[in-house]
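Colleague: sequence? don't have it. structure:
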């Protein structure tokens, strides 16, 4: 059975924070990406091609924090990360901090297919994309007023902002340069910070699995910060057992080696995909403050989409089935 799952970020996504028109826009964008990948799978394309195409669709949509909708750094530009991995070969490619590539996921694939490396960073990753003729865009292409407004707010508050987190109380939040910046403080829901990393996982008609993830990172991030997305095993993983794409607070997912941990639990403990993902998301990440979720698919085409946050933009479709798109915890 071929199948596909996608995500567009997880975090503080309350029903009250989206008006009906905006909710329709998100659902339509998720459905478009899901249909793009599913149509390819139905026509016999590889899982690898499918996840790239689905992620490209999400990167091209300014609603999500990837590609065209990427958030701004402290310096006022964009630094985008992406990774892609083929399960049956365990070959992978990733880029970090790219600034001009229209679709970072294509650059990640280029690293895998045209170099001997796995991860390239800016400026080399942009140069590789240029040499191989990938579409590049000026800074204006990635500009959205909403993202610019987010940066101005974050600058006033003096901290980085995870795209799908709640707003911290300005009187109690730690400043940007202190290690306690992510410690627990009283928070209030902020409807303006709800979009995030995008990703896709798939199983094709040949039984092969693949995963792809792309992100713009954190608003107001400094010092070329890199999250879990381009780190194979942390935010992205695929082998013959499962394919995983994560979304959430990257530092926690890196320390937990979250994506690979799912595969390990399946191999060493003989757990199902659903149970392995539940343990990673709810029993390991959540107690340490690792807000977020993941999407996973196994060799049989089973799909799971767990998250420990208030919501996650997500969708899935299996062979012969209807498309499912959801946003909230109970959709």
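Modeller: Alright, I've got the coordinates. Being a predicted model, the structure only gives us computed values, none of them experimental. Numbering: from 1, shown residues only.
Colleague: how would you label residue 317: helix, strand or coil?
Modeller: strand (DSSP: H, G, I helix; E, B strand; the rest coil).
Colleague: And for it, the neighbour number?
Modeller: For residue 317, the neighbour count with other Cβ atoms under 10 Å is 23. Where C-beta positions appear, they are placed from N, C-alpha and C, glycine not excepted.
Colleague: what are the bridge partners for it, then?
Modeller: Note on residue 317: beta-bridge partners by DSSP bridges are residue 4.
Colleague: Now do the contacts for it.
Modeller: Counting by Cβ atoms under 8 Å, 6 or more residues apart in numbering, residue 317 makes contact with 3-4, 34, 38, 323-324.
Colleague: Residue 37 versus that one, what's the distance?
Modeller: Taking Cβ to Cβ, to the nearest Å as the measure, residue 317 falls 8 Å from residue 37.
Colleague: before we move on, what about residue 56?
Modeller: Distance from residue 56 to residue 37, by Cβ to Cβ: 10 Å.
Colleague: ok, the two, which is more surrounded?
Modeller: Shown here are residue 56 and residue 37; by other Cβ under 10 Å, residue 37 has more neighbours (29 against 24).
Colleague: In a helix, the more buried one, correct?
Modeller: Yes - according to three-state DSSP, residue 37 belongs to a helix.
Colleague: Tell me who's in contact with the closest residue to it other than its chain neighbours.
Modeller: Distances taken as Cβ to Cβ, 6 or more residues apart in numbering place residue 54 nearest to residue 37, at 3.5 Å, with adjacent residues excluded. Neighbour list for residue 54: 4, 6, 33-34, 36-37, 200, 202, 212 [criterion: Cβ under 8 Å, 6+ apart].
Colleague: Assign residue 54 to helix, strand or coil.
Modeller: Here residue 54 is recorded as helix under three-state DSSP.
Colleague: go on, residue 314?
Modeller: At residue 314 the chain is in strand, as set by three-state DSSP.
Colleague: what separates it from residue 25, distance-wise?
Modeller: Counting by Cβ to Cβ - residue 314 and residue 25 are separated by 16 Å.
Colleague: When these two are compared, which one has more neighbours?
Modeller: residue 314 (26 against 14).
Colleague: Do you know the pLDDT at that one?
Modeller: At residue 314, the pLDDT value in this model is 97.
Colleague: looking at it, it is touching residue 33, isn't it?
Modeller: No - if you go by Cβ atoms under 8 Å, residue 314 and residue 33 don't touch, sitting 10.8 Å apart.
Colleague: ranges for the helices of the stretch 1-150 of the chain?
Modeller: Secondary structure of the stretch 1-150 of the chain by DSSP state H, counting those that start in this stretch: the helices cover 20-42, 47-59, 104-114, 124-131, 139-142, 145-157.
Colleague: looking at those helices, which is buried most?
Modeller: When the helices of the stretch 1-150 of the chain are scored by mean count of other Cβ atoms under 10 Å, the highest mean neighbour count falls to helix 47-59 (a mean of 27).
Colleague: What is the burial count for the residue nearest to residue 144 when sequence neighbours are not counted?
Modeller: Spatial nearest neighbour of residue 144, excluding adjacent residues (Cβ to Cβ, 6+ apart): residue 62 at 5.0 Å. If you count neighbours by other Cβ under 10 Å, residue 62 ends up with 20.
Colleague: Count the neighbours of the closest residue to residue 250 other than its chain neighbours for me.
Modeller: In space, and not counting its chain neighbours, residue 250 is closest to residue 227: 2.7 Å by Cβ to Cβ, 6+ apart. Residue 227 has 27 neighbours, counted by other Cβ under 10 Å.
Colleague: do the same with residue 94
Modeller: Per other Cβ under 10 Å, the neighbour tally for residue 94 reads 30.
Colleague: Isn't it up against residue 232?
Modeller: Yes - using Cβ under 8 Å, residue 94 makes contact with residue 232 at a distance of 6.5 Å.
Colleague: Spit out the residues that contact these two alike.
Modeller: Residues touching both residue 94 and residue 232 (Cβ under 8 Å, 6+ apart) are 83, 118-119.
Colleague: Can you add neighbour count, pLDDT and distance to residue 264 and give those back as a markdown table?
Modeller: Output for those, formatted as a markdown table (neighbours: other Cβ atoms under 10 Å; pLDDT from 0 to 100; distance: Cβ to Cβ, whole Å):
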| residue | neighbour count | pLDDT | distance to residue 264 |
| --- | --- | --- | --- |
| 83 | 36 | 98 | 19 |
| 118 | 17 | 98 | 19 |
| 119 | 18 | 98 | 21 |
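Colleague: where do the helices sit along the stretch 201-331 of the chain?
Modeller: With DSSP H, counting those that start in this stretch as the criterion, the stretch 201-331 of the chain has helices at 250-256, 258-268, 273-278.
Colleague: okay, those in JSON lines with mean neighbour count and mean pLDDT next?
Modeller: JSON lines is the format used below for these (neighbours: other Cβ atoms under 10 Å; pLDDT from 0 to 100):
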{"stretch": "helix 250-256", "mean neighbour count": "21", "mean pLDDT": "96"}
{"stretch": "helix 258-268", "mean neighbour count": "21", "mean pLDDT": "98"}
{"stretch": "helix 273-278", "mean neighbour count": "21", "mean pLDDT": "98"}
